[in-house]
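Colleague: Structure for the following, please:
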Amino acid sequence: MSTRFNRFALIIPTLNEVGNITALLDRTVAALAGLNACWEILVVDDDSRDGTPQAVQRYNESDARVRLISRSGQRGLAGAITYGWAHTDADLIGVMDADLQHPPELLPELIAAISNGADLAIASRYATSGGVGNWNRARRAVSCVAVFVSRFVQKQKVKDPMSGFFVLRRNCIAGLEFQPTGFKLLLEILAKGRIDSIAEVPFTFATRHSGESKANAMTAVHYFVLLYKLSRNLIPGRRDRPCS
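Modeller: I've put the predicted structure just below:
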C-alpha cells in the first residue's frame, strides 16, 4: 500500500455559521500551511440565510484554495459531505465541522497518520487523553449508548465511531453509496469501507463558539434507521478487500 497522496481536500459543511466561518478558515489555512502537498478547503453550504456564503466568497477572493459549493433545497450533513467530495479529485479527503468544536490544528496529525500507513484517521473524543468537554451527564450517557450499539455494525472497532472529524483515502470508499441524511457518515464508512488500518488521534471537544446546534430529535431517528439498514446488510464472514 502506498502511503503517498497527491492532493488533500477538506469538506466543511455549513448551515448558518457566519459567526464561526471566518475564524475557522483562518485557523484551518494556518494549520495546512506546512502541508507538503496540494490542498483545498471546500465549504458546502446548505442555503444559509445569515451571510455564510458571502463570507466564504470574500475569503475566496484572497485565497483561491478556499471554495464555496452551494446546495439549494437539500438538507443532511452526510449528503453535504459526500456532495463536497464529489466536487474534488483529491485522493485524500476529510471532513470537519464549522462550529469550532473541532480543532483545525489537529489536521497535520491526522494527515501524518495517513502518511504513516493508515487508511482512515479519526479525531477521537474517546481515545486516551481525549474528552467531550463540558457535556452534561445526559449527553454523555446518550453518546456512550450510541457508541456501544454501533459496535455491532463496525468491521473494525474504534473508540469514537460518531466522530465528525476525520481524514481518509478516497479509494477506500470509491464506488460506495451512502445515506444522504443523518449526522453519522463515519459509522457508515466503518461498516462499508474497504479499510485495513485506522488511527485514532485524541482531542477534546470544544464549546460551540456561535450559532445553534443542528442536532435534534430527528438526529436520533436517522441514527437508528442507519443502524437498522447497516445491520441488515451485514454478511457473516465477509470482509472486503483492503484498499491499496
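Colleague: Low-confidence regions, the chain specifically.
Modeller: Scanning the chain with the threshold set as pLDDT under 70 gives 1-3, 132-154, 182-183, 207-220, 222-228, 230-244.
Colleague: ok, which stretches of it are strands?
Modeller: In chain order, the chain shows strands spanning 7-14, 38-45, 66-70, 92-95, 120-124, 166-169, 198-202, with DSSP state E as the criterion.
Colleague: Turn the ones you listed into a markdown table, columns for distance to Ile114 and mean neighbour count.
Modeller: Bear in mind the C-beta positions are built from the backbone N, C-alpha and C, glycine included. As requested, these are exported to a markdown table (distance: least, Cβ to Cβ, whole Å; neighbours: other Cβ atoms under 10 Å):
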| stretch | distance to Ile114 | mean neighbour count |
| --- | --- | --- |
| strand 7-14 | 9 | 24 |
| strand 38-45 | 13 | 22 |
| strand 66-70 | 22 | 19 |
| strand 92-95 | 6 | 25 |
| strand 120-124 | 5 | 27 |
| strand 166-169 | 6 | 26 |
| strand 198-202 | 8 | 21 |
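Colleague: can you give me the end-to-end distance of stretch 46-58?
Modeller: In terms of Cα to Cα, to the nearest Å, the two terminal residues of stretch 46-58 are separated by 18 Å.
Colleague: chain center to it, what's the gap?
Modeller: Relative to its parent chain, stretch 46-58 has a centroid offset of 20 Å by Cα atoms, centre = their mean, to the nearest Å.
Colleague: Name the residues of it that are buried.
Modeller: Buried residues in stretch 46-58, counted by 16 or more other Cβ atoms under 10 Å: Asp46, Ser48, Thr52, Pro53, Ala55, Val56.
Colleague: give the contact list for Ile69.
Modeller: With contacts taken as Cβ atoms under 8 Å, 6 or more residues apart in numbering, Ile69 has the following neighbours: Leu42, Val43, Val44, Asp45, Tyr83, Gly84, His87.
Colleague: any idea how far the residue positioned nearest the centre of the chain is from Gly164?
Modeller: By Cα atoms, centre = their mean, the mean C-alpha position of the chain lies nearest to Val95, the distance being 3.3 Å. Remark: distance between Val95 and Gly164 (Cβ to Cβ, to the nearest Å) = 7 Å.
Colleague: Can you work out which residues contact both of these two?
Modeller: When Cβ under 8 Å, 6+ apart defines a contact, the residues bordering Val95 and Gly164 alike are Leu185.
Colleague: show me where the protein has helices.
Modeller: 18-32, 52-62, 77-85, 107-115, 137-150, 185-192, 217-233 (DSSP state H).
Colleague: Next, the contact list for the residue nearest to the centre of the chain, please.
Modeller: Listed by Cβ under 8 Å, 6+ apart, the contact set of Val95 reads Leu10, Ile11, Ile12, Pro13, Ile81, Gly84, Gly164, Phe165, Phe166, Leu185.
Colleague: Pick the one among those closest to Ile198.
Modeller: Lowest distance from Ile198 to the contacts of Val95 (Cβ to Cβ) belongs to Phe166, with 9.5 Å.
Colleague: measure the closest residue to that closest one other than its chain neighbours to Asp91 for me?
Modeller: What sits nearest to Phe166 in space, not counting adjacent residues and going by Cβ to Cβ, 6 or more residues apart in numbering, is Ile122, at 4.6 Å. Here the criterion is Cβ to Cβ. By it, Ile122 lies 19 Å from Asp91.
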